[in-house]
Every structure is written in C-alpha cells, then in structure tokens.
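Undergrad: Just need the structure, nothing else, for what follows:
(chains A, B, C and D)
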Amino acid sequence: MNHPTPLLALRDLVVEFDTMAGRVRAVDGVSLDVFPEESLALVGESGCGKTVTALSILRLVPQPPGRIAGGSIRFDGRDLLALPESGMRAVRGRDIAMIFQEPMTALNPVFTVGAQLGDVIRRHQRLSRREARKASLALLEQVGIPEPGRRIDEYPHQLSGGQRQRVMIAMALSCGPRLLVADEPTTALDVTTQAQVLEEIRRLQAEYRMAMILVTHDLGIVAETCTRAVVMYCGQVVEAATTAALFSRPHHPYTVGLLDSIPRLRETRLAELPVIPGRVPDPLQLPAGCRFADRCPRVSAECRVVSPPLVATADGGLVACYHPHP
Amino acid sequence: MDILQYALRRLLAGLPLLLGVTLFSFTLMVYFGPDKTFELLGKNPTAQEIAEVRHQLGYDRPFVLRYGEYLRELATVDFGNSDSTGERVSSLLARTIPVSLALELPGFVLGNLLGIALALLAAYHRGRWPDKLIMGLSVIGMSISFLVVIFVFQIWFCTSHGLDLFPVRGWGTASLADYLRHVTVPTLAMVFVALGYNTRFYRAVIVEEMGRDHVRTARAFGAAPARLFWRDILKNCAIPVITRIVFTIPAIVIGGALLLETSFGIPGVGKAAYEAIISGDQPVLKAVVGLTTALFVIALLVADILYRAVDPRVSLE
Amino acid sequence: MNRPLLEVRELRKYFPIRGGLFRRVVGQVKAVDGVNLQLVAGRTLGLVGESGCGKSTLGRAILRLQEPTSGQVILSGEDITALPRQALLAQRRQMQIIFQDPYASLNPRRTVGQAIREPLDVHRIGTLAERQQRVTELLDIVGLRDSVRDRYPHEFSGGQRQRVGIARALALNPALIVADEPVSALDVSVQSQVLNLVARLQREHGIAFLFISHDLAVIQHVSDEVAVMYLGRIVEHAPAASLYREPQHPYTQALLSAVPVPDPARRRQRIVLAGDVPSPARPPPGCAFHPRCPRARDRCRQERPELASTAGAPAGTRVACHFPGTEDRETD
Amino acid sequence: MNAAQPGLPAATAPRASLWRTALYKLRRDRAGLLGLAVVVLYLVAAVGAWCGWWAGDWALITGTKWGPVSAQHWFGTNIIGQDIFQRAIYSTGTAFQVGLVVAVLAVGMGAVIGAVGGFFAATWIDEIVLWLMGVLDAIPFYLMVAAIAFALADNPYAMHVAMVSTFWTTTGRLVRGEVIKLRGLEFVEAARAIGVPPVAIIFRHILPNTFHILLVQLTLCFVDAIKAEVVLSFLGLGVKDGMSWGLMISESTLEFLAGHFNNLIVASALLFGLVFAFNMLADALQDALDPKQVA
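TA: Okay, here's the model as predicted:
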C-alpha cells in the first residue's frame, strides 16, 4: 500500500475560529497524506473538524472568523498555503475540485446549469462558448443526467436533489482534477438517491484516475467507497488505517465505540444498543491530555496528562492512544 | 400562464387596494374633512341659506353616493375644478407632474447608483477601513434631517453667506443651463439624504448574498472576486434592489417632492398637493390620492414582472 | 389480538395547488392517499420512507396537527377526526409528538423546566408543587439531572434537547407518541442513546410509538412492526423481523439494499433504482412505483395494487404489489 | 437504564438566557454604549423639561432681538428675544414625547396585528391584515397627516395619530414575516400538540421570540417620529402649541437673510445628536439581539 510520494500532504494543520466566547481550534495539528488515485475517507461526528480540514485544502475557510493558523498543505510538491491568492485560484477547480453537501444551495439559483458549467470550463481552458457548451453536454451525459440537452438550459431549482448533485460532480470533473474533495456529498439525499450518486462517484473516480477525499459521518459509506480512512475526534486525527483494517480491527477506543454504537442493519434486533457514554467536550474547554478520556472505557491516569501522539500500528496504520485495542 | 393574463390578475388584485385607499382617504378628507358651507355664506345666514349651500356642495347626499361619485371621477380622470384657483384639476396635474419628474429623476437615479457603488465598495472591503468609513458616514447621513440639509444647502450654495452660485427658489427648463441651474441644489439635497439609507440597505443585501453557499462554490472553482461581484452577486441581489427602487417611487413622487418643491418654490405636483392640503382644496387632494394609489398598484405589477425577469425561481403562479 | 389503541382508516391529506386567474384549485398534492393502519397499545410501529413520501404528514394528520382531508383516526375507540375543539383538547392528553430538530423543538425563550411543565399547566393537572415534582420525575426518567430545569435550551447539546422534548411528551402520560425522525438530526454516537431511551420507555411505561424515520437501520432497533411508505401510500406492512429478513415489495428490497453497510468484507449485490421519486402532485397511474420498478409489467401500469396478504409471505405481512416475493433478491 | 448520564453543560460556560447573552454583547459594543449614554443624557433633559426643573422660561422674552451668545443666553436669543437654549431644551421634551408615544403605540400595534396576520397566514384574517397594511402604505404620508388633521379637527394629537397609523406597518410586516417563520417551527407545533390555545401560542410562544425585532423597531420608529415631527412642524402640520425643534428650524427661516443662524444650528445639532445616538444604539441592539449570532 505504500506509495512513494503523496499527492497531497497535510502537516500539523491548525485552523482557528474566533467566536464570541473565545478562540476555538477547529482543527488542531492534523497531518495526513493522500496518494494518487486512492480514495481516502475523513470520518467523524459533527464538529470534529473534518469539513474545516477539507475546506482549508482549497483555502476556503471563511475568513474572518476563521483562519489557518499553522502547518503546511503540500499538493504535488507545492505549498498551497504559501501561494498568492491568484495562484490559488488557478489550483481551485483545475487541480483540486470540491463538491459540497447541499446541492440545493451550492449552485447559483439564477443561472442555468449550462451557464455555470460553461463558466467553470472556460475559466480554466481556452474554449469558445460553443465548445464549452458541447463539453458541458458531454459531462452531463457522463454523470448520468437524463435528457442532458434539455437539462442544460434549466435552472437548479428545476432539478431533483440527486440531479443537482450530479451537476456538481460534472462541474468538479470538468477540468480533470487530480484530487476531488467531496464534503458529505450524499448526506442531503435520500437513501436510494444516495446509492445512485455514490455509485456514480466511485465509477468516475476510477475512470478519471483521481484521488478523492470523502468527508462523511457515515461509516457505511466509508466501508463501501473508500480504500483508506482517517478518523477524527475534536479536531485531531485519532486513527488512520486501510478500510479493511479499520473495520476488522479498530485500535482506538473511539473508533471501536463508534463502530459498535451506530445503528446498523443487524440480523436480529438487540435489546440494548451499545453506546459511547457522555458527549463531545466543549471546544472552548478541551480537557488536558486525550480528548476522549472522559468517555473512554480504557482510560488511565496518564491519558489525562499528555495527549497521546499518533504512532504506527502493527498493521500499517496509525493510532493516537496509550491503550489501543490490539 | 402568459404574461398578459398575469398582469391582468395583478391589476385585479390591486382593486381592493385602490378601493381601500380611496375609501380611507375619502372618509377622512372629504366626509369628515373641512366644511366649506360657511366660507360661501355671508354673515348670519338663515337655516334655509345653509341648507341651500349644503345642497349645492352635495353635503346632504348620503355617503355612499358621494363616494361613488369620487370613484366615477377617478375612473374618468375628471376631478372638476380646483376650489382655490378654479383651474381644471386634470390640466393642473398635466402641468405639475412633468415638473416633478424632471426635478426628482436625476436625484433618484444618482442616489441609487451611488448607493449601490458605495455598498459594493464597502462589501468588498468588509470589516476593513473603507467599509467602516463608508458605513460611519452613512449613519451620519441617515441622522441628518432632510429639512436641515435643504436649508444648509440653500444657505451654502444659494446665498451670499456661502458660494452664491444658484438661485434659492424657482424653476426653469428653458435651456439645459437653466434646468441645471435650478435642479442642481435640490438634486444634491436629495442624493445626500437618500445615500445613507441606500448604501446601508444595499450593503446588507450584498453581504448577505456573499455568505451564501453558491458563492463558496464559485470560489472553490477558481472564480475571481471581481467577477463574483459583477456577475454572480449582483444578479442574485436583484430582487431586494428592485423592490427598494420600485417601491420608493410612489413615495418619492409625492412625499419627497412635497418638501423639496415647497422649500425651493418649484411648481410641481408636490407643491400643488401641499397648497391643496393647506387650503383644503378637495378636488386636488382627491386627484393626488387617486394618482398615487394608481402608481402604487402599477409599481406592484412592475416589481412582480421584473422579479420574473431576474429570478427564474419566481414563477407566474 | 386486543382491540387496537390506534386505528387509521382510509386517511387522506391533500394539499391544494392553486393557479389561474382566480387562484382556483387546479390540482392536489396527495401527501397521504388512503392509509390504513392499526397499532396495539404498548407496541411500536416503524414508518419508513424517503423524503416527500408523506410519512411526516401522516404522523401529523393522525394527531390532527394537520386537518386530514378525509378518513378516520380512531384512538381508544373514539374518532378524533370528528371531535370538536374542546373534546380534542382532552384527547390530546393521550397522544403526543417528538420532533426531529432538537434546535427548533424547544422555545428558546423558555427554560427547560417551563417547557416540560407546560402540558401540565395547560391541562391543569395537580397543584403547582405537584407539577414541579412531576418535572423532577420526568427529568429523571429521561436521564437528566433536576438542576437543569432553570436552564435555557441553547445551553444543551442536541441529544440533551431531544431528551427534554421526550420528557415534555411524557408529561401527560400519553398512550401514543408519534416520534417524527427523532434521531436523524443527532450525531451517530448519540443516536443510540436516544434509541435506547425510546425502547426503554416503550418497555417500562407501556407507551405505543409511531416511529417515523427514513433510516431502516434506526427503525429496526425500536420497531415491532414496520410499514413502508411510497408516494402517500403504504406499500408493505409486516412484523419487523420478517420485513428485514424477507421483504416482499421490490421497493422495500431496494431500500434495504441501498443502506450502506459498515462492513467492507460484505460487498453485496445492490439494487440501484433508476430515476427519482415522481412528484406527489402527479403520481404515475397504476402502481406508483412502476416507473422505477425492475419487475414492472403492463398490469402495474394500469391497475393499482391494494395492500393485502399474499401466499408465500410470512404471517402478518401485507404488501401492495402485483408481483410480490423475494425471488429477485440476492441472498446474503 | 444506559450508563449514559449525559453531562451537564460545562460548569464555567456562561449560564444565561438569550437576554443576558445579548446584554453581554451590548456591553462590549463601545459605539452602542456611547449611543445609549447620549440617549440617556437627552432623556434627562427631556424629563427635566416635562417636570419644569429647567427651560421653564422658553416662552418669555428675556433678551433683545437676536441677542449674541452670552453667559445669560448660551446660544443667544431669537428674533423676538427669547432664549434659544431654553427653547431647545424644552423642545427635547417635545421630541421625546412625540418619539415615545409614536414608537410605543406604533410598534405595539405592529406587533399585535403583524403577529395575528402571520399566525393566520393564508386565511382571510391575513388577507385583511395585508390589505390594511397595503392601503396605509399606499397613502402618501403628508396626505395622511393632513387627512387625519382634517378629520380630527386640528386636535393637537392628529400628528401622533397619523404617524402611528402609518409607522406601524413596518413593524407589522417584519413581525408577520418572523411569525410565519416561527409558526412552522417545531416548538409551536409542540405547543399545539399539547393543546395550548392559539391566543396563548401567539402571546406566550411566538411574540416573545420577536422581541429582538420589536426593540430595534422601537428605536428606529422613535428616530422616524422625531425626524417627521421636524418636517411636519415646518409645514404647519405638526406641533401646534408649545415648542419643538421643527418649529425652531421653521422660525429660523425668517432669520437666514439677516445672517442669524443660531436657531438653525442649535435645533439641528440637537436633533442630529439624538438621532445619531439612537441610530448607533439601534445598530448595537441589532447585533446583540440577532438570534443568528446568539449561539
């Protein structure tokens, strides 16, 4: 599994937000690698910093109140954080594309699908209007939109949720990016539509030979879509492993708890679901040491003193725990 | 549904409004309004003389009939003659309305264009000093009374205590120079007063739009800020902008004109309305009320049609 | 079987679509289109379907939070669709609702204690001291400390707010609670906590639940029976165990197979449905599911199947399909 | 039961109602505090004028015509020798009387009518509310004032009535919109499910959640009222007895040509100061009370 050079490398990324009550570190020292053509899942519950991490790759963290306070983001050897804004614009959409959670609001309501697609295409490629329209049509066809010739002149509100997300995907593919960042792309969709869209994303990722970061809270989607997964908790990476290893032998107690407690289809109904007790700590008052300590069944005194570092496991993954499951 | 049928429906929907406004103003201004009986009578009138005059004036007829009469006047745009000058009301309107339009138009257009320009500038530099400066100035502008602005500008531009460049009062459109001489100071006053409100409003609209998800999407696909502003955000802001512009027109035509025209002695519809108010000239008042309401209903219709033109989500349904 | 606590007969809820010169009614969105249900006291019926299928409208029409267009809702032998306002108020003690959005379901200007006490105030139950005592009990039942009663909703996490909402619903000792997507806005690790609470309430307090969700996995953990809705109608209704083991309707099968399973080793054959859900304003003729159904034949396009038990299906299963059965489904 | 006794909110987290959070934010808004301080200062001047503690001699001729600025006449005297400073302070009382009466009544009326319309949206009740607001908005303001003055036969409160009857529609529309939004929220549905009667839902659950709008509208309406008073008094449609900034400015037009601007300067400066302070306060309130920001 060890590729020589990662396509994208995050090192010690720190993102802070100023709130009324004080400064919050939404992302606190996140390091991760994405290798060419692989699909990496970024998993965690809401507020764990997964979306902020994804946004900061394209430097889209709203500023103010947020700001990238430290670390580096290297894409293909270049440090994205050191680029000027104009250089960053050339990367956005062309080298790295992003799709968002809410297909309803992520598209501009007052322009047609074709206008928005064509706009992106013409921004990064020297094409005439007519050529861009032709390319848009081909893309819509490719992402499985029925009657693309009609849909291209429609407005987003005339499409269904699934179709809108397909338009977003078409937009993302339009310039042949090497990395696709997908932020909860199916969360707003129904299960049957979600299945269609995920199928499409998987197919196109292979076809376009892109790497992908899939941000999600749904472990089912991780298992079915990604080759590797990074689990986040309270702004930090707690575990990283191949999907197969993560689901068969999770090491971090949080991962174990999450896998046990999520409602999933089972052979028989359980009398009582296992739970992770307590709640995620307030980001303004994070405990010293391990942030999961208060909810952890394996906690010991040392957990509450110094945060455990991310160390390699026997099966090639990483875990940040003093007492990992074997 | 086609646009004509739609327009027809909107106009029909305007009928209750028209009836409401006319009923309301008729009741207050005419039915309970000034009684002219004793102005027309000599000293110590007899009961019979009083009854006769009241009959001539139509005061003895039932409310419904008198209101119906008003509606007929409205429908035929024939309000009779002015009580105080004897001029036909329709010719009075035909004389004064063009003057008001010529007076108000430059200030109205400039006030909105400058407002949008300043708002874009402020929103673009949101949170930094140009934003703070523009917003601070607009609060100051909002806090100064229109009346004070008129007087200060008059003293400053039109008297020997200041620059003494323009006439204090009067109106003329004989030549462009003549027009400019008379329209400049009122326009400056109008722009000054409107700018604070407009800038604030437009900035709020633009900033709200800037926070939307689709703007983030555009940025994620490499859109440059200038293009975002001119193309995406401006078109997205069109609905509140249109609403503001269209709906201030009826208010401006009468309200704004009234103060400007009386202060600068300009013979427009505002001044005519003011004089009618002071002298209780009912035919003119009735005409002005009817006119503004009709304008209001038309503004509603125009706004609706414009919404459709700029936002595909607004359907004719 | 005992007499059912709740019986829904041919319930319909249509929303008019207006248009034309005089805003006449030109069409109808058939959100709920002829639903029949029965629910025995102390049991839980899971109601599952995708967004827009009418499941939330059905829940609200049962409680008369939205006036049904036609049909009957019989609660403890009384038809509540026919009740005048005053009598309905008395019936409200029997039926309560838990909502989806824990942020919108509590009034931000009132304390948690006030929110839980309000049903007791409205129905004038007990003295003030007794009501306060009851609030303490209720907080304890849902696993919150008594000291939270003077706090405001925004000080709580989503899961805690959901507990407060549950306590408010329990205040009047209802026989029936409609739970409308109560965990779908919560984080995965909190969902189980709330699901366990719902299961415990049903067990210990004998409350019947109508549990509405789009998530078949969530439904499985709380339900004795499951009803599947599609475009305003129930397409399959079965005991939970058999529905998950042997789903009969092709839509149920597709729904089950679309749920992502957190187990990379278990790659299944997935039934991916084509197209989108049609608009409930213009449902397709015949079986509403036929445009997306892999089994659709001519008969399905013309004749609407009724909900009925079929040969070969497990006991208690009723399905609205001309060609029900499990044959198309992969075995796993 | 499960082991999950959910923890309480962290012990040191600010324990507060939305009001207290708003107050906390307001206290950190320097411009808003300054605005508040200035408003209080004016209020003191106004209360003093009402109670006759000062400015009692506003109508007396205490000096010579157009007397200069002096220790006795801080801002000089007017065309007939009345003290401009006393008149200006007395007028502060008038401004507050007009502003408070109009703002309280107009906002109160707007709140109630708007809430009723919003709560019964899409029924005939709402149609009537919308129609009423449309009618009042369509009548030009000055004509409205004149019409009411005619109808009330020059009652001194005609101006107040006219302002209230036109100003309330702004609040009415805002509250109606907010109520329509709130009405669809689940806590209102929960109240209905419990059996809370509609009137109690409007007043106990819905209106308290529009207080942030009402408070801001109160300040804005106050500002509109005192600005309108100035114009109306100048036009002869406003304050009839007593003294106001509008009457002072109106009076000053007689003095321009002679080169005396004290009346104009003092009245318009005081007017500006109060309006500006209120505008800053309104901004601060808006920020502090915005429910989107109170997280």
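Undergrad: What segments of the stretch 1-150 of chain A are strands?
TA: A:8-19, A:22-34, A:39-43, A:66-75, A:78-79, A:96-99 (DSSP state E, counting those that start in this stretch).
Undergrad: Let me have these in CSV, extended by distance to A:M212.
TA: Every residue, glycine included, has its C-beta placed from N, CA and C. Below are the strands of the stretch 1-150 of chain A laid out as CSV (distance: least, C-beta to C-beta, whole Å):
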stretch, distance to A:M212
strand A:8-19, 11
strand A:22-34, 8
strand A:39-43, 4
strand A:66-75, 14
strand A:78-79, 20
strand A:96-99, 10
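Undergrad: could you dump the ones you listed to CSV with mean pLDDT?
TA: CSV is the format used below for the strands of the stretch 1-150 of chain A (pLDDT from 0 to 100):
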stretch, mean pLDDT
strand A:8-19, 93
strand A:22-34, 92
strand A:39-43, 95
strand A:66-75, 92
strand A:78-79, 92
strand A:96-99, 94
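Undergrad: For A:G176, find the nearest of those.
TA: Of all the strands of the stretch 1-150 of chain A, the one in closest proximity to A:G176, counting by C-beta to C-beta, is strand A:96-99 (9.1 Å).
Undergrad: what about the residue in the stretch 1-150 of chain B positioned nearest to chain C, how many neighbours?
TA: Distance from chain C to each residue of the stretch 1-150 of chain B (C-beta to the nearest C-beta) is smallest for B:R9, at 5.3 Å. By other C-beta atoms under 10 Å in any protein chain shown, the residues close to B:R9 number 18.
Undergrad: Likewise for C:V272?
TA: Neighbours around C:V272, by other C-beta under 10 Å: 14.
Undergrad: State the distance from it to C:P262.
TA: 19 Å (C-beta to C-beta, to the nearest Å).
Undergrad: re the thing from before, D:M144: which of the strands of the stretch 1-150 of chain A is closest?
TA: Taking the strands of the stretch 1-150 of chain A one by one with C-beta to C-beta, strand A:8-19 is closest: 46.4 Å.
Undergrad: would JSON lines of the strands of the stretch 1-150 of chain A with mean neighbour count and distance to B:F264 be doable?
TA: Formatted as JSON lines, these follow (neighbours: other C-beta atoms under 10 Å in any protein chain shown; distance: least, C-beta to C-beta, whole Å):
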{"stretch": "strand A:8-19", "mean neighbour count": "18", "distance to B:F264": "51"}
{"stretch": "strand A:22-34", "mean neighbour count": "20", "distance to B:F264": "56"}
{"stretch": "strand A:39-43", "mean neighbour count": "26", "distance to B:F264": "67"}
{"stretch": "strand A:66-75", "mean neighbour count": "18", "distance to B:F264": "52"}
{"stretch": "strand A:78-79", "mean neighbour count": "12", "distance to B:F264": "64"}
{"stretch": "strand A:96-99", "mean neighbour count": "27", "distance to B:F264": "58"}
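Undergrad: Of all those, which one comes closest to B:Q282?
TA: strand A:8-19 (61.8 Å).
Undergrad: In CSV, list the C-alpha atoms belonging to that closest one.
TA: Output in CSV follows, covering the C-alpha atoms of strand A:8-19 (Å, rounded to 0.1, in the frame of the first residue of the first chain):
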residue,chain,number,x,y,z
LEU,A,8,-1.5,15.8,-1.0
ALA,A,9,0.3,16.1,2.3
LEU,A,10,-1.1,17.9,5.3
ARG,A,11,1.3,18.6,8.2
ASP,A,12,0.3,19.9,11.6
LEU,A,13,-2.6,21.9,10.1
VAL,A,14,-4.2,24.3,12.6
VAL,A,15,-7.4,26.2,11.9
GLU,A,16,-8.8,28.6,14.4
PHE,A,17,-12.1,30.4,14.6
ASP,A,18,-12.9,33.5,16.7
THR,A,19,-16.2,33.2,18.4
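Undergrad: packing partners for it?
TA: strand A:22-34, helix A:50-57, strand A:66-75 (3 or more C-beta pairs under 8 Å, 6 or more residues apart in numbering or on different chains; DSSP states H and E).
Undergrad: Grab the nearest non-local neighbour of residue 221.
TA: In the absence of a named chain, this looks at chain A. Among residues not flanking A:I221 along the chain, C:P260 sits closest, at 4.8 Å (C-beta to C-beta, 6 or more residues apart in numbering or on different chains).
Undergrad: meant chain D actually
TA: D:A103 (4.1 Å).
Undergrad: what's the distance between that neighbour and chain B?
TA: 16 Å (C-beta to the nearest C-beta, to the nearest Å).
Undergrad: same question, C:A115
TA: Distance from C:A115 to chain B, by C-beta to the nearest C-beta: 32 Å.
Undergrad: Verify the contact between that residue and C:R168 for me.
TA: Yes - between C:A115 and C:R168 there is a contact under C-beta atoms under 8 Å: 5.5 Å.
Undergrad: more neighbours, these two?
TA: A count of neighbours by other C-beta under 10 Å puts C:R168 above the other of C:A115 and C:R168, at 29 against 26.
Undergrad: Read off the pLDDT value for that one.
TA: At C:R168, the model reports a pLDDT of 95.
Undergrad: now do D:V294
TA: At D:V294, pLDDT is 39.
Undergrad: Enumerate the residues of the stretch 1-150 of chain B near chain C.
TA: Taking C-beta under 8 Å from any C-beta of the partner chain as the contact definition, the stretch 1-150 of chain B meets chain C at B:1, B:5, B:8-9, B:12.
Undergrad: buried subset of the residues you listed?
TA: For the residues of the stretch 1-150 of chain B next to chain C, a burial check counting by 16 or more other C-beta atoms under 10 Å in any protein chain shown picks out B:R9.
Undergrad: which two in the residues of the stretch 1-150 of chain B next to chain C are spaced the farthest apart?
TA: B:M1 and B:L12 (13.7 Å).
Undergrad: Run the chain-centre distance for the strand or helix carrying the residue nearest to D:C221.
TA: Assigned by DSSP states H and E, D:A103 falls within helix D:84-119. Centroid separation between helix D:84-119 and its chain, computed with C-alpha atoms, centre = their mean, to the nearest Å, is 5 Å.
Undergrad: now swap in stretch D:120-127 and tell me
TA: With C-alpha atoms, centre = their mean, you get 28 Å for stretch D:120-127.
Undergrad: and what of stretch B:145-158?
TA: 21 Å.
Undergrad: contacting residues around it?
TA: B:161-168, B:184-185, B:188-189, B:192-193, B:259-260, B:263-264, D:227, D:230-231, D:234, D:246, D:249, D:252-253, D:256, D:261, D:264, D:268, D:271-272, D:275 (C-beta atoms under 8 Å, 6 or more residues apart in numbering or on different chains).
Undergrad: Secondary structure class of the residue nearest to A:I221, three-state.
TA: coil (DSSP: H, G, I helix; E, B strand; the rest coil).
Undergrad: I'd say it and A:G220 touch.
TA: Yes - contact between C:P260 and A:G220 holds when scored by C-beta under 8 Å: they sit 2.8 Å apart.
Undergrad: more crowded one of the two?
TA: A count of neighbours by other C-beta under 10 Å puts C:P260 above the other of C:P260 and A:G220, at 23 against 18.
Undergrad: could you measure the more buried one against chain B, distance?
TA: From C:P260 to chain B the distance is 25 Å (C-beta to the nearest C-beta).
Undergrad: Model confidence score at that residue, please.
TA: C:P260 is given a pLDDT of 87.
Undergrad: Quick check on it: phi, psi?
TA: Note on C:P260: backbone dihedrals following degrees, to the nearest 10 are phi -70, psi 130.
Undergrad: Tell me the residue of chain A that sits nearest chain D?
TA: For chain A, C-beta to the nearest C-beta, closest residue to chain D: A:P277, 4.4 Å.
Undergrad: Tell me if the helix or strand of chain D with the lowest mean pLDDT is near chain C.
TA: Averaged element by element with mean pLDDT, DSSP states H and E, chain D has its least confident helix or strand at helix D:18-27 (a mean of 78). Yes - using C-beta under 8 Å from any C-beta, helix D:18-27 reaches chain C at D:L18.
Undergrad: what angle do the next helix or strand after that helix and helix D:84-119 make?
TA: Next along the chain after helix D:18-27, taking DSSP H and E as the criterion, comes helix D:30-51. For helix D:30-51 against helix D:84-119, the angle between stretch directions is 110 degrees (axes from the mean of the first three to the mean of the last three C-alpha atoms, to 10 degrees).
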